[in-house]
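Here is the input, now give the coordinates:
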Amino acid sequence: MAKHIFVTGGVVSSLGKGLTSASIGLLLERRGLKVRMQKMDPYLNVDPGTMSPYQHGEVYVLDDGAETDLDLGHYERFTNAPLNRDCNFTTGRIYQTIIDKERAGLYRGKTVQVVPHVTDEIKNCIRKVATPDVDVVITEIGGTVGDIEGSPYFEAIRQFALEVGRSHCMFIHLTLVPYLKAAGELKTKPTQHSVQELRRIGLQPDVLICRTEREIPRDECDKIALMCSVERRAVIQEKDREFSIYEVPLSLMGNGLDSLIVERLGLTNARSIEFEDWTEMVDNIRDMAKPGSRDVTIALVGKYVKHRDAYKSVYESLDHAGIAHHTKVKTVRIESEDVETVGAAELLAGVDGILVPGGFDKRGVLGKVAAIRYARENHIPFFGICLGLQCAAIEFARNVLGLADANSIEFDKDTPHPVVCLMDEQKKVTRVGGTMRLGTFDCAIKPGTLAHKAYQAELVKERHRHRFEFNNDYREMFAEAGFVFSGTTPDGSLVEVIELPSHPWFLGVQCHPEFKSKPTACQPLFRDFVGAAIARKKK
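Presented below is the predicted three-dimensional model:
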């Protein structure tokens with residue numbers, strides 16, 4: 001029978017429940033346990049797929065095409081736990097299921113209520129990932145205790161603990177111990193109130209992880225333990241990390257959290273932890289931060305750069321590439337609309353590489369096109385992702401092929417040269433309709449190309465999230481001008497990767513390779529892109 005860990009948060013949002021959950025998963029995996037990860041989001045959207053990146057950060061896509069919360073990216077970067085659409089549920093999705101059941105008459109005329117019907121459905125969602133081969137299920141509850149939206153989830157996990165037994169279930173509560181500069185003190189009262197709110201709804205935390213900017217004095221930890229009815233050793237302080245989020249698991253391990261969990265849940269099959277490679281990786285990151293260490297500057301030209309979480313996986317993948325090259329990657333975030341007004345030369349001068357990530361709608365697209373032209377003409381390593389590939393096609397068509405009005409029909413449905421368009425089921429050009437290509441698809445790689453050099457394989461799998469494709473009617477024209485289609489779907493019907501051999505490193509992909517990168521195993525294209533930027537800087 002699987003054991004369950006529920007991770008909740010209090011006082012304020014954005015404390016790092018996702019990172020904490022992922023770190024716990026990593027620690028337990030490194031003790032030989034089979035772990036599954038899950039996130040419950042209290043908002044009413046069915047999934048984050050239609051939400052603005054400014055609202056909820058990036059949409060993280062899984063192999064099965066599920067559009068999920070960005071915390072699942074943390075889960076995958078830290079652990080090897082398999083993720084699918086059952087690993088992220090929202091209130092919208094749960095209510096949709098309940099309403100469908102009600103319309104089908106499955107409740108046999110009963111009045112449908114939050115208790116028991118909503119809470120029962122939440123419990124069913126938790127059980128979906130608790131398969132017989134799993135040792136521990138870690139379920140993160142989004143939001144903050146006390147939020148109206150989260151109330152059914154807290155009630156559901158209270159019931160769940162009664163049903164499976166407290167020996168099979170534990171609660172870890174993440175809270176904040178703020179420092180008041182005027183008083184010169186750390187304050188524990190917010191944590192006490194947060195735990196009081198949990199206890200009011202019937203939940204007693206087994207572990208308190210206290211986020212703090214400063215070291216919490218011993219007597220304050222004693223006070224937290226006493227007032228919150230938690231064992232003293234289960235009050236774990238988590239200071240802000242100086243260098244990297246990848247230090248968090250080491251900190252939690254140093255505070256004995258993994259041993260506490262193993263003991264509390266009776267995980268007798270757990271072995272001694274094996275953590276040498278992770279420790280070595282973190283030591284590498286710390287070395288890279290030392291004065292005089294090698295660095296490289298990458299400009300990310302995007303539409304949502306004001307909100308760092310909008311491109312969370314891209315930034316992490318660049319950091320992973322830096323780890324692989326033992327080089328600190330400095331990312332300069334450039335709003336693509338600013339490129340339109342200020343100019344690419346002024347904003348991009350001095351950078352070692354230019355990355356244009358994905359996005360939707362036409363805002364800032366001309367700035368992306370201008371940035372790509374600057375990279376192409378000045379031989380600066382360029383990496384285009386999804387919309388980045390499409391903008392590269394538009395730029396090449398306009399400035400090399402002379403098709404002045406070339407565009408994507410996403411931005412101009414009447415363009416005379418739709419170099420990027422929708423495809424119908426027969427892979428022919430169409431100006432209407434279309435659905436998202438979501439999830440993992442195969443890509444055939446052409447030998448002798450940059451893509452093949454990176455992957456060292458002729459068939460790879462990458463995740464997609466897009467609707468528009470390169471227009472096959474223009475393939476021959478592009479190829480004659482030096483464009484190389486180095487990756488396609490196995491049947492050759494859709495373009496997946498483009499390159500310019502006349503350029504030091506110019507590559508665009510239709511997929512989102514950032515979703516497959518880990519700090520201990522950098523995604524190959526990111527690794528080689530940063531490698532090309534390093535080589536340019538050395539010259």
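
got the buried residues for the helix or strand containing residue 296?
Secondary structure assignment for residue 296, by DSSP states H and E: strand 295-302. Across strand 295-302, burial judged by 16 or more other CB atoms under 10 Å covers 296, 298-302. Every C-beta, even on glycine, is put in place using the N, C-alpha and C of the backbone.

do the same with stretch 361-369
Neighbour counts over stretch 361-369 (16+ other CB under 10 Å) mark 364-369 as buried.

Let me know the average pLDDT across that stretch.
Stretch 361-369 carries an average pLDDT of 91.

Can you list phi and psi of residue 98 for me?
phi -60, psi -40 (degrees, to the nearest 10).

er, residue 328 actually
phi -70, psi 130.

thought it was touching residue 298?
No - here residue 328 lies out of contact with residue 298, judged by CB atoms under 8 Å, at a distance of 10.9 Å.

Tell me which of the buried residues of stretch 361-369 fall in helices.
Counting by DSSP state H, these place 365-369 in helices.

Distance check, the nearest residue to residue 506 once chain neighbours are set aside against residue 516.
Of all residues not flanking residue 506 in the chain, residue 500 sits nearest, at 4.0 Å (CB to CB, 6 or more residues apart in numbering). As judged by CB to CB, to the nearest Å, residue 500 and residue 516 stand 24 Å apart.

Grab the nearest non-local neighbour of residue 361.
residue 410 (7.6 Å).

isn't the one you found right next to residue 362, touching?
Yes - the criterion here is CB under 8 Å, and residue 410 meets it with residue 362 at 7.1 Å.

isn't there a strand covering residue 486?
Yes - residue state for residue 486 (DSSP: H, G, I helix; E, B strand; the rest coil) corresponds to a strand.

Next, work out how far apart it and residue 532 are.
Using CB to CB, residue 486 is found at 15 Å from residue 532.

picking up where we left off before, tell me the mean pLDDT over the strand holding residue 296?
Mean per-residue pLDDT for strand 295-302: 97.

just how off-centre is it within its chain?
19 Å (CA atoms, centre = their mean, to the nearest Å).

State the next helix or strand along the chain beyond that strand.
Later in the chain than strand 295-302, the nearest helix or strand by DSSP H and E is helix 312-325.

Give the other helices and strands that that next one contacts.
In terms of contacts (3 or more CB pairs under 8 Å, 6 or more residues apart in numbering; DSSP states H and E), helix 312-325 is packed against helix 71-78, helix 276-288, strand 295-302, strand 328-335, helix 524-538.

I figured residue 117 was touching residue 107, is that so?
Yes - contact status for residue 117 versus residue 107: in contact at 7.1 Å, counting by CB under 8 Å.

the more surrounded of the two?
Taking neighbours as other CB atoms under 10 Å, residue 117 and residue 107 compare with residue 117 leading, 19 against 13.

Now do the contacts for the nearest residue to the more buried one once chain neighbours are set aside.
Nearest non-adjacent residue to residue 117, counting by CB to CB, 6+ apart: residue 98, 5.9 Å away. Applying CB atoms under 8 Å, 6 or more residues apart in numbering to residue 98 gives the contacts 112, 117-118, 121.

Going by neighbour count, which of those comes out on top?
Highest neighbour count within these, by other CB under 10 Å: residue 118, with 21 neighbours.

Looks like that one contacts residue 95 (just checking).
Yes - using CB under 8 Å, residue 118 is in contact with residue 95, at 7.4 Å.

hey, C-alpha coordinates of stretch 344-361 in CSV?
As requested, C-alpha coordinates have been extracted for stretch 344-361 and formatted as CSV (Å, rounded to 0.1, in the frame of the first residue of the first chain):
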residue,chain,number,x,y,z
ALA,A,344,18.2,45.2,-32.3
ALA,A,345,21.7,46.6,-32.7
GLU,A,346,21.4,48.7,-29.6
LEU,A,347,19.7,46.1,-27.4
LEU,A,348,21.6,43.0,-28.5
ALA,A,349,25.1,44.4,-28.9
GLY,A,350,27.7,42.4,-26.9
VAL,A,351,25.6,39.3,-26.3
ASP,A,352,27.1,35.9,-27.1
GLY,A,353,23.9,34.1,-28.1
ILE,A,354,20.3,34.9,-28.9
LEU,A,355,17.3,32.7,-28.0
VAL,A,356,13.8,33.4,-29.2
PRO,A,357,11.2,31.3,-27.3
GLY,A,358,7.6,30.3,-28.0
GLY,A,359,4.5,32.4,-27.7
PHE,A,360,1.1,33.2,-29.3
ASP,A,361,-0.4,36.1,-31.1
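
Distance-wise, check residue 516 relative to residue 505.
Going from residue 516 to residue 505 by CB to CB gives 20 Å.

Over to residue 72?
In terms of CB to CB, residue 72 sits 30 Å off from residue 505.

Report the secondary structure element holding residue 397.
Under the criterion of DSSP H and E, residue 397 resides in helix 387-399.

Tell me the helices and strands packed up against whichever helix or strand comes after that helix.
Downstream of helix 387-399, the next assigned helix or strand under DSSP H and E is strand 406-408. Judged by 3+ CB pairs under 8 Å, 6+ apart, the packing partners of strand 406-408 are helix 387-399, strand 417-423.

what are the pairing partners of strand 406-408, and which direction each?
The pairing partners recorded for strand 406-408 under DSSP bridges are strand 417-423 (parallel).

how many neighbours does residue 401 have?
Using other CB under 10 Å, residue 401 has 17 neighbouring residues.

Spit out the contact partners of it.
So residue 401 contacts 477-478, 481 (CB under 8 Å, 6+ apart).

confidence score at it?
Reported pLDDT for residue 401: 96.

returning to what we had before: what's the distance between the residue nearest to residue 361 and residue 305?
Relative to residue 305, residue 410 is positioned 20 Å away (CB to CB).

go on, residue 178?
Using CB to CB, one gets 29 Å for the distance from residue 178 to residue 305.

rewinding a little: count the residues that sit near the residue nearest to residue 361.
With other CB under 10 Å as criterion, residue 410 counts 20.

Residue 515 reaches residue 311, doesn't it?
No - Residue 515 is beyond contact range of residue 311, at 12.0 Å (criterion: CB under 8 Å).

Residue 153: what's it in contact with?
Going by CB under 8 Å, 6+ apart, residue 153 touches 40, 42, 122, 141.

one more time with 10 Å
Taking CB atoms under 10 Å, 6 or more residues apart in numbering, we find residue 153 in contact with 6, 8, 40-42, 89, 91, 94, 118-119, 122, 125-126, 139, 141-143, 145, 147.

And the pLDDT for it?
With respect to pLDDT, residue 153 has a value of 97.

Name the helix or strand for it, please.
Assigned by DSSP H and E, residue 153 belongs to helix 151-164.

which one is residue 518 nearest to, not counting chain neighbours?
Nearest non-adjacent residue to residue 518, counting by CB to CB, 6+ apart: residue 77, 5.3 Å away.

count of residues packed around the one you found?
24.

those helices in the stretch 401-539 of the chain, which residues are they?
Ranges of helices in the stretch 401-539 of the chain, per DSSP state H, counting those that start in this stretch, are 450-455, 475-480, 524-538.

and those as JSON lines, adding mean pLDDT and mean neighbour count?
JSON lines is the format used below for those (pLDDT from 0 to 100; neighbours: other CB atoms under 10 Å):
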{"stretch": "helix 450-455", "mean pLDDT": "98", "mean neighbour count": "20"}
{"stretch": "helix 475-480", "mean pLDDT": "96", "mean neighbour count": "13"}
{"stretch": "helix 524-538", "mean pLDDT": "96", "mean neighbour count": "21"}
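
if we can go back for a sec, deepest in the core, which of the helices and strands packed on strand 406-408 is it.
helix 387-399 (a mean of 25; mean count of other CB atoms under 10 Å).
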